[in-house]
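Visitor: Let's see this in three dimensions:
(2 chains)
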2 protein chains.
Amino acid sequence: MSNHPRDPFPAGGNPDAHATGMPVVTVIGDGQLARMMQTAAIEMGQSVRLLAGSAGASAAQVAADVIIGDYTDLDALRGAAEGASVVTFDHEHVPARHLRALMDAGVNVQPGPDALAHAQDKLIMRERLRQLGAPVPPFTAVDSVDDATTFFDDVDSRVCLKARRGGYDGKGVWFPGTREELIRLVTELLGRGVPLMAEEKVRLDRELSAMVARTPSGRCAAWPVVESVQTAGVCTEAVAPAPDLPPALGERAGELAVKIAGDLGVTGVLAVELFLVHADSGGEARILVNELAMRPHNTGHWTQDGSRTSQFEQHIRAVLDLPLGSPEPVGGTTVMANVLGADTDPDQSLHDRMIEVWNRFPDAKIHLYGKDWRPGRKIGHVNLTSDPGLGGGVPELRRRARLAAHYLVHATWADGWISD
Amino acid sequence: MSNHPRDPFPAGGNPDAHATGMPVVTVIGDGQLARMMQTAAIEMGQSVRLLAGSAGASAAQVAADVIIGDYTDLDALRGAAEGASVVTFDHEHVPARHLRALMDAGVNVQPGPDALAHAQDKLIMRERLRQLGAPVPPFTAVDSVDDATTFFDDVDSRVCLKARRGGYDGKGVWFPGTREELIRLVTELLGRGVPLMAEEKVRLDRELSAMVARTPSGRCAAWPVVESVQTAGVCTEAVAPAPDLPPALGERAGELAVKIAGDLGVTGVLAVELFLVHADSGGEARILVNELAMRPHNTGHWTQDGSRTSQFEQHIRAVLDLPLGSPEPVGGTTVMANVLGADTDPDQSLHDRMIEVWNRFPDAKIHLYGKDWRPGRKIGHVNLTSDPGLGGGVPELRRRARLAAHYLVHATWADGWISD
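Guide: Numbers count the residues shown, from 1 in each chain, chains lettered A, B, ... in the order given. Coordinates of the predicted model:
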């Protein structure tokens, strides 16, 4: 027995991964969020099982107990949930009826399907938020072309059309420039059976994200509100705490996120994506809720290096109903820049690109997801935390984070820098 | 194909763990150091393979690519090294001849056997350090009872007897009180074939640890010098940076560690355990080298939550010859308290003990190794970083870290605290 790979467990995963007898957390999903939940869980001595679509997926690559299966298949979900103390998610796409079936069988699902409905269906979310008195842009259900054109007139042609379900990262969102384009889009999408809604296209100053964690017992912890930068609907950058945010507005955004988490019964991490809307002449800036995500979120990646408690550690603690950690920042400001696949993949290896980035910015915390290159794909992120010795403040920190992320995808320095 | 565990890879580990094509780091060893190297590696998108003694061992529980085998078996080592960019260690016990055989076959071993010899054999280490002009306590080889008694007289009976190889955590170290006890010990140990040395039992103020990382290219980064508290030869606490250390002394200790790393050709993380020796009347305090460890070290665990770059991330970066990260602290002071198995294991579950600790100290960063309870066994550690709002300074931080670690093993509050 000198050299052999670890034996597989034939019918229910890898029992060695749970040798400690700690509660088993089953994570449904195999993306980078599951991957980072897992490293956080390991450090706390917690024990994770993954339901993954494939063995080579981001989280499955690095997990010790992986069940391969489809999250739309109830049997696969049942198998992954067997013996788990809690089932949680790295995405919102598991069918609610399956989650209810698991709960009927005694499985502890966090967040539960009633909460998740508000992250799965944009219309349900907006109706509920309006009911709760949370600020949302004017919106309407679009079940016919008439619904759409009436709304088009109501909002002076400033229409944003959205698929109610399944959209993310700018997918499932359209900005028709004309009434004709709207009619064409709605006709085509309804014809394909895509449930739709429309909302007013907001004149926004910038986007914010208010993130909280909440336990089944109702304990909450809110991170500082973050500014998020979206490019073509995809988050490219987050700055924490949001620079130059009036304290009262930051506080209101944090309280709103806590209220939404409580009213909707969210458990685990909740991200409330917000629009910061132009002040009218004489008025003050307002926040409007854009989207909800009930899991760790791209705008919370800064917490890994910039907060006492990362969103991944906090999510695991929250779904296990453990006391929450402190959401305080550890440095002044942390900037997160996404590493998004370029249009072409450079010849220089990713390994050599890391060397180049670290030679210039040794402090860049590079997080990579083990994903193959694909144009626009999220393959990693870079965190940079301000240093008392750094001149130039937040703008310089943002510049550096962007340069680092740009180099990681393009293998070129956007500012023409040449190493010694 | 609705639900099945991931397939094993029959003859060389799990290729899915290396789907990214990133350099593969093979870690020989399955303890907590390998476990924590692995989480750091995953976050950087690096790819780790483990040679573990058993599938249930601390690191093997959580690794995606585990080869089960014995690190004293050359075939097992060869198998684990296959295709790896670098082979590194979580302990110093791999036979040097095996490492040389791997190197002869073209394997990149970091640190190499010539450096490791100084962490494997205390006599070789002291001879080399004396040669380099590094401060060490008076010492001698002990090949006979005569060697021992001569040294006993030379140092006024203040003898510390040590096994040259294999000792750690207070094992392999004896403090004979009398000449007779020394004779009896030496006779017995030499009779059993244990190679010995002796050194002067130092009158020490306190113990320090100077840690650095060094790359094969010769780049170095030194963390602030740490105070370490040993109880019965086992590290129980570390305070970073060492409180009230004269800056010149801290600087000297850091420079000494960098010099030793360079002169000995160490790669990866090096811990230089130091004695801070009483100032003679009128003189100033001095440092003496106690031990060397060529891997992440217990006195460096604070870096996970208290430094820009953790020792585990830095070790992976160093052995891959990547640029090193900043060793700067992120907070004021970080205290690490070890969680060592109590004499009996309390009835309360470890999970419930974590809840109790976090209810009182939500900021305690609890790291657990997935190890079963055994008296005195290192099963985890707690890091606490000072908070600007915390009264009481470093003594209060130490008190809290100790209380948290004590609760995790005893399920009682050492100060009698009762929760609401």
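
Visitor: Next, give phi and psi for the residue lying closest to A:Val155 once chain neighbours are set aside.
Guide: Sequence neighbours aside, A:Glu200 is the residue nearest to A:Val155 in space, at 4.4 Å (criterion: CB to CB, 6 or more residues apart in numbering or on different chains). Yep, even glycine has a C-beta here, placed from its N, CA and C like the rest. A:Glu200 adopts backbone torsions of phi -70, psi 130, taken as degrees, to the nearest 10.

Visitor: I'd like the distance between A:Glu200 and chain B.
Guide: 40 Å (CB to the nearest CB, to the nearest Å).

Visitor: need the contact list for the closest residue to chain B within the stretch 251-400 of chain A.
Guide: Residue nearest to chain B within the stretch 251-400 of chain A: A:Leu368 (2.4 Å; CB to the nearest CB). Contact analysis of A:Leu368 by CB atoms under 8 Å, 6 or more residues apart in numbering or on different chains lists A:339, A:350, A:379-380, B:20, B:22, B:44-45.

Visitor: how about a cut-off of 10 Å?
Guide: By CB atoms under 10 Å, 6 or more residues apart in numbering or on different chains, the residues touching A:Leu368 are A:32, A:35, A:58, A:339, A:350, A:354, A:379-382, A:408, B:20, B:22, B:42-46.

Visitor: which residues does the residue nearest to A:Val155 bridge with?
Guide: A:Val159 (DSSP bridges).

Visitor: What separation is there between it and A:Ser228?
Guide: For A:Glu200, the distance to A:Ser228 equals 20 Å [CB to CB, to the nearest Å].

Visitor: avg pLDDT for the helix or strand hosting A:Lys162?
Guide: Assigned by DSSP states H and E, A:Lys162 falls within strand A:159-163. On average, the pLDDT along strand A:159-163 is 94.

Visitor: Over to stretch A:324-337?
Guide: For stretch A:324-337, the per-residue pLDDT averages 93.

Visitor: Also stretch A:30-48?
Guide: Mean predicted confidence for stretch A:30-48 is 95.

Visitor: Quick check on A:Ala52: phi, psi?
Guide: Dihedral angles (degrees, to the nearest 10) for A:Ala52: phi -120, psi 150.

Visitor: still on that earlier bit, what's the distance between the strand holding A:Lys162 and the middle of its chain?
Guide: 21 Å (CA atoms, centre = their mean, to the nearest Å).

Visitor: do stretch A:155-170 as well
Guide: 18 Å.

Visitor: got it, and stretch A:306-322?
Guide: 14 Å.

Visitor: again with stretch A:393-411
Guide: 21 Å.

Visitor: Equivalent analysis for stretch A:33-41, please.
Guide: 13 Å.

Visitor: Look up the closest residue to the most centrally placed residue in chain A, ignoring the ones flanking it.
Guide: Geometric centre of chain A, nearest residue: A:His297, 2.3 Å, by CA atoms, centre = their mean. Computed as CB to CB, 6+ apart, the closest residue to A:His297 that is not its neighbour in sequence is A:Ala271, at 3.5 Å.

Visitor: helix, strand or coil for that neighbour?
Guide: strand (DSSP: H, G, I helix; E, B strand; the rest coil).

Visitor: count of neighbours near it?
Guide: 25 (other CB atoms under 10 Å in any protein chain shown).

Visitor: and it, what is it in contact with?
Guide: A:119, A:209-212, A:223, A:226, A:228, A:257, A:291-300, A:311.

Visitor: go on, A:Leu132?
Guide: If you count contacts by CB under 10 Å, 6+ apart, then A:Leu132 has A:256, A:259-260, A:262-264, A:289 around it.

Visitor: Which ones among those map onto helices?
Guide: Mapping those onto helices (DSSP state H) picks out A:256, A:259-260, A:262-264.

Visitor: Point out the residues in the stretch 51-200 of chain A that sit beside chain B.
Guide: Contacts of the stretch 51-200 of chain A with chain B, taken as CB under 10 Å from any CB of the partner chain, map to A:51-52, A:54-70, A:73-80, A:82, A:85.

Visitor: got the residue ranges for the helices in the stretch 301-420 of chain A?
Guide: Ranges of helices in the stretch 301-420 of chain A, per DSSP state H, counting those that start in this stretch, are A:303-306, A:311-319, A:350-360, A:393-410.

Visitor: and the third one, does that touch chain B?
Guide: Yes: part of helix A:350-360 sits near chain B under the criterion CB under 10 Å from any CB, namely A:350-351, A:354-360.

Visitor: Mind checking which of the contacts of A:Leu132 are buried?
Guide: Taking 16 or more other CB atoms under 10 Å in any protein chain shown as the criterion, what is buried in these is A:256, A:259-260, A:263-264, A:289.

Visitor: doesn't A:Pro296 fall inside a helix?
Guide: No: per three-state DSSP, A:Pro296 lies outside any helix segment and is coil.

Visitor: For it, list the residues it contacts.
Guide: Here A:Pro296 is in contact with A:32-34, A:36-37, A:40, A:90, A:211, A:213, A:268-271, A:303-304, A:310-316 (criterion: CB under 10 Å, 6+ apart).

Visitor: swap in A:Met103?
Guide: Going by CB under 10 Å, 6+ apart, A:Met103 touches A:87, A:109, A:112-113.

Visitor: follow-up on the earlier one: want to throw the helices of the stretch 301-420 of chain A into CSV with mean pLDDT, distance to B:Asp387 and mean neighbour count?
Guide: Output for the helices of the stretch 301-420 of chain A, formatted as CSV (pLDDT from 0 to 100; distance: least, CB to CB, whole Å; neighbours: other CB atoms under 10 Å in any protein chain shown):
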stretch, mean pLDDT, distance to B:Asp387, mean neighbour count
helix A:303-306, 96, 15, 26
helix A:311-319, 98, 17, 29
helix A:350-360, 96, 30, 18
helix A:393-410, 96, 23, 20
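
Visitor: will you turn these into a markdown table that also has distance to B:Cys160?
Guide: Formatted as a markdown table, the helices of the stretch 301-420 of chain A follow (distance: least, CB to CB, whole Å):
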| stretch | distance to B:Cys160 |
| --- | --- |
| helix A:303-306 | 42 |
| helix A:311-319 | 42 |
| helix A:350-360 | 42 |
| helix A:393-410 | 50 |
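
Visitor: what ranges do the strands span in the stretch 1-150 of chain A?
Guide: With DSSP state E, counting those that start in this stretch, the ranges of strands along the stretch 1-150 of chain A come out as A:3-5, A:24-28, A:47-52, A:66-69, A:86-89, A:139-142.

Visitor: Highest mean neighbour count out of the ones you listed?
Guide: Per residue and on average, the most neighbours among the strands of the stretch 1-150 of chain A fall to strand A:47-52, with a mean of 28 (mean count of other CB atoms under 10 Å in any protein chain shown).

Visitor: Nice, that's everything, thank you.
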